[in-house]
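A.B. asks: no sequence on this one, just coordinates:
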């Protein structure tokens, strides 16, 4: 098969591994810089151009769309969809997952476990917003934050009021969530491909830190999932419409709760913690589900 990886940086571990794994399985794999693509939108023959040439028809595309380029990146994925290319994650699902508020509302609608969450624009009573999620300690998150950036733990109601007022003064959109103390600064990253969890790791926050992101100094190790945790991750991926994603779960006294569904999960941490060929499992899914593109023509790329 001829497969494209949409990525801004060919030297990133995830991008390199996906290319290596595809070539090892006999595929032709091209890395395409998402922002350097430009589109010819016509009703009869939509195309994607790159470096002054029309890109060939691909059998499949693996989108690795960073959060900072979601708008343009999903437009490029949509163009490939219009061309009849199998996209591992569809544009609408990527957009859905990037909107934290919409994600939580969709997960809530499907009855998937979540921390109590509040959202408001200009609440008359900030104290009531805080009370509604169980009071301090609580977590305040910027809607646009990634990798733990823009996430604050407020230890007291007074501190929570101050942080909320500060964010609102900056006209920032925020979520207020209950703090799952019993999780002990750890979460579980479930890597979902298709309708199954293919790998999972437990991430433990660094000393004195409550955010377990590996980018923030957390460490990861292999974890054995319970039946309920596995089902929660798969159902969360289905609710988002994602074929490939990382589902972050906290272990609470009320069972597993979903913190986030990531449509471009990194491979480095999960492959090293589990010693699994996760990149190869992505291609296994493509081989089972992608059909040769009927519009495929010869070209450079």
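C.D. replies: Received, thanks. In this text, all values refer to a predicted model and were calculated from it rather than measured experimentally. Numbers count the residues shown, from 1 in each chain.

A.B. asks: Tell me where the model's unsure across the stretch 51-200 of the chain.
C.D. replies: By pLDDT under 70, the low-scoring segments of the stretch 51-200 of the chain are 123, 144-148.

A.B. asks: show me where it has helices.
C.D. replies: Secondary structure of the stretch 51-200 of the chain, counting by DSSP state H, counting those that start in this stretch: helices at 70-82, 91-98, 100-109, 126-132, 157-169.

A.B. asks: Can I get the ones you listed in a markdown table including distance to residue 262 and mean neighbour count?
C.D. replies: (C-beta placed from N, C-alpha, C; glycine too.) Below are the helices of the stretch 51-200 of the chain laid out as a markdown table (distance: least, Cβ to Cβ, whole Å; neighbours: other Cβ atoms under 10 Å):
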| stretch | distance to residue 262 | mean neighbour count |
| --- | --- | --- |
| helix 70-82 | 12 | 20 |
| helix 91-98 | 7 | 21 |
| helix 100-109 | 10 | 17 |
| helix 126-132 | 27 | 16 |
| helix 157-169 | 23 | 16 |
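
A.B. asks: residue contacts, the spatially closest residue to residue 155 that is not a sequence neighbour?
C.D. replies: Nearest non-adjacent residue to residue 155, counting by Cβ to Cβ, 6 or more residues apart in numbering: residue 137, 5.0 Å away. Contact analysis of residue 137 by Cβ atoms under 8 Å, 6 or more residues apart in numbering lists 153-156, 179, 181.

A.B. asks: And for residue 25?
C.D. replies: Applying Cβ under 8 Å, 6+ apart to residue 25 gives the contacts 280, 283, 287.

A.B. asks: let's see it at 6 Å
C.D. replies: Counting by Cβ atoms under 6 Å, 6 or more residues apart in numbering, residue 25 touches residue 283.

A.B. asks: picking up where we left off before, can you redo the helices of the stretch 51-200 of the chain as CSV with distance to residue 188?
C.D. replies: Putting these into CSV (distance: least, Cβ to Cβ, whole Å) gives the following:
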stretch, distance to residue 188
helix 70-82, 25
helix 91-98, 18
helix 100-109, 16
helix 126-132, 27
helix 157-169, 26
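
A.B. asks: Just flag the most distant two among the contacts of residue 137.
C.D. replies: Greatest spatial distance among the contacts of residue 137 (Cβ to Cβ): 156 and 181, at 14.2 Å.

A.B. asks: Let me see the domain layout of this protein.
C.D. replies: The chain breaks down into these domains under automatic domain parsing: 2-89, 117-179, 182-262.

A.B. asks: For residue 104, which of the ones you listed is the nearest?
C.D. replies: Closest to residue 104 of the domains of the chain is domain 117-179 (Cβ to Cβ; 5.7 Å).

A.B. asks: Between the two ends of that closest one, what distance do you get?
C.D. replies: End-to-end span of domain 117-179 (Cα to Cα, to the nearest Å): 10 Å.

A.B. asks: quick one: contacts for the residue nearest the centre of the chain?
C.D. replies: Residue closest to the average C-alpha location in the chain (Cα atoms, centre = their mean): residue 262, at 1.3 Å. Contact partners of residue 262, counting by Cβ under 6 Å, 6+ apart, are 245-246.
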